[in-house]
Structure formats: structure tokens, C-alpha cells
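1. Sequence below, structure please.
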Amino acid sequence: MQTPDGGRVRRVRVDAWAGAGGFDVLGPRFKGRRVVLGALLGVLVLWGALALAFRGWKARQLDRASYGARRVEAAIGPWERVEPPGIGPAAWREAVGASRALLVAVVGSGAMEKGGMDALADDVAGRVSASRPETAPTDLLRLWADLGRRAGPIVARSRPGGPLVLASAVAPLAAAAPEGVDRAEWLDAVVATEALLVEVSSSGRLSPDRIATLRETLSARVYAASPRTSRSVLSGLWDDLPREAGITPRAPRPSLLDGSKAR
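-> Got it, this is the predicted structure:
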């Protein structure tokens, strides 16, 4: 083939560029799209598998939490029928109800297996069975104190009810044992002081406004307390509150909190 001026035109064969596999009309972009689509498909499959696994795990968690709730509710339920002296039935049921809610929160936290839930329910049932009307408030406070050591953050977020509201203000002092004092003895002193506060708030001698003010004052003192000052905080409550409420505490003052030791 010649050009108008007599020159020759070079012929180019398209199939010479195609190679043995033929000419790739769509080019490398099409191959890249296939790679991207394959990756997206893999991600979708993985996401679906994870979603199914999560649903299964969530279902097992809910089943376990429901099991634990049934066990602890049955264990603490009989406490509602107890009638502690000096505490009205409605106030006591409110306190037990708050304790039930705390137990349900503990077993529903996801941190306990069924064996641990059974052990907790059996422990609560044993406490309720051994409790007497005159010791029930202290026994209930002891339950809160023991749960505080095992599930502190959950207990800290819980809302005590009824006569436990004022007593809960000094609960954090359980972690502020003075140097050289046995921790078990210190916990007994804190629980005894909480029981005193239950008596004070249930006596009917203090107005709701005074109880609210007293709780704010106690919370501020407890917040500022340290192991060096915690004993004097509790001792001061035994010095002042029975006189203000005009009551004689049913339980004796812990020897750890008598005036000479607390200074």
C-alpha cells in the first residue's frame, strides 16, 4: 500500500499485540475490578459470620443472666417477709428490693458463670435463713459490704433504697482501714455504723430534710477521709447521732470506735 507521494505505509497486525491468549479488550482495569469485588465479597462473608457468632454469644449471655436472676431473686425473696423492729414494712421491702436489683445486676454483668451464680444464690439463701428480725438490717448491710469487695463498680453504681440510703454514705470507708487495724474487724465496725444509721433514719425523729442534709455532710466527710482519719469519722457518728435522734442503739458501739482508740 502506497501513500499519495509514493511512499509505503507500514502495516500493523492487531493480533500481533494480543499474544498467545488473544487481545484483552477490557484491559487491566477489568481485572482490578474483579479483585475489588472479590475482596468486598470476602468482607461481607466475614461480617455475616461474625454477626451470627455475636448473636449466638448474646443469646447465651441473656440466657445465663436470666438463669442467675431467677436464682438470686428466689434466694433473697423470703427476706421481704421479715419485720425488723423499728423499720416500717414498706421501707424494709424497699431496702430488700434494692438489694435484689443489685444481685440481678451482679449476675447480669457477664462476669459470672452459672457455677458462680449458683454459689452466690446459695450464699444469699444461707444468710436469709440464718437471719433474725433484729439482725436482718445488719445482715443485709453485710451483704452489700461483701458484694462491694467482689463487684465494687456495680455496687458503687447501685441505688440503695429505704433505710439503706443514709447508711450507704459511709460504705466507701470499708476500703479505708486504718493502718495496723485488721480488715475484718474494720469491716465489722463499718457495718455496725451503717446499722446505726439505719436506726437513726428509721427512728422518725429526724425530718426527711435533715436526713438529706446529713447524707450530704457524711458523703463530704467520707470523700475527704483517709486511712488516717477514717476511724475518727465513724467514731464521731457514734458520738453525735444517737443523741441527735434521741435513741439508744440496739447494737453496742464497736470497741474499735471508742473514744480513746479513735483519736
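2. Give the rounded mean pLDDT of stretch 163-175.
-> The predicted model assigns stretch 163-175 a mean pLDDT of 88.
3. And stretch 98-115, by the same measure?
-> In this model, stretch 98-115 has a mean pLDDT of 87.
4. What strand or helix carries the spatially closest residue to Ala174 that is not a sequence neighbour?
-> In space, and not counting its chain neighbours, Ala174 is closest to Val190: 4.8 Å by C-beta to C-beta, 6 or more residues apart in numbering. For the C-beta atoms, the positions are set from N, CA and C on the backbone; glycine is no exception. Per DSSP states H and E, Val190 falls inside helix 183-202.
5. Next, the contact list for the residue nearest the centre of the chain, please.
-> Residue closest to the average C-alpha location in the chain (C-alpha atoms, centre = their mean): Ile154, at 1.9 Å. By C-beta atoms under 8 Å, 6 or more residues apart in numbering, the residues touching Ile154 are Leu102, Ala105, Val106, Ser109, Leu147.
6. ditto for Leu197
-> By C-beta under 8 Å, 6+ apart, the contact set of Leu197 is Leu166, Ala167, Ala169, Val170, Leu237, Leu241.
7. how far away is it from Leu237?
-> Separation of Leu197 from Leu237 (C-beta to C-beta, to the nearest Å) stands at 7 Å.
8. Please enumerate the shared neighbours of these two.
-> What both Leu197 and Leu237 touch, as defined by C-beta under 8 Å, 6+ apart, is the set Val170.
9. how about TSV for the contacts of Ile154, with secondary structure added?
-> Output for those, formatted as TSV (DSSP: H, G, I helix; E, B strand; the rest coil):
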residue	secondary structure
Leu102	helix
Ala105	helix
Val106	helix
Ser109	coil
Leu147	helix
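10. Would you mind pulling the contact partners of stretch 110-120?
-> Residues outside stretch 110-120 that contact it (C-beta under 8 Å, 6+ apart): Gln61, Arg64, Ala65, Tyr67, Gly68, Arg71, Val72, Leu103, Val106, Val107, Ala151.
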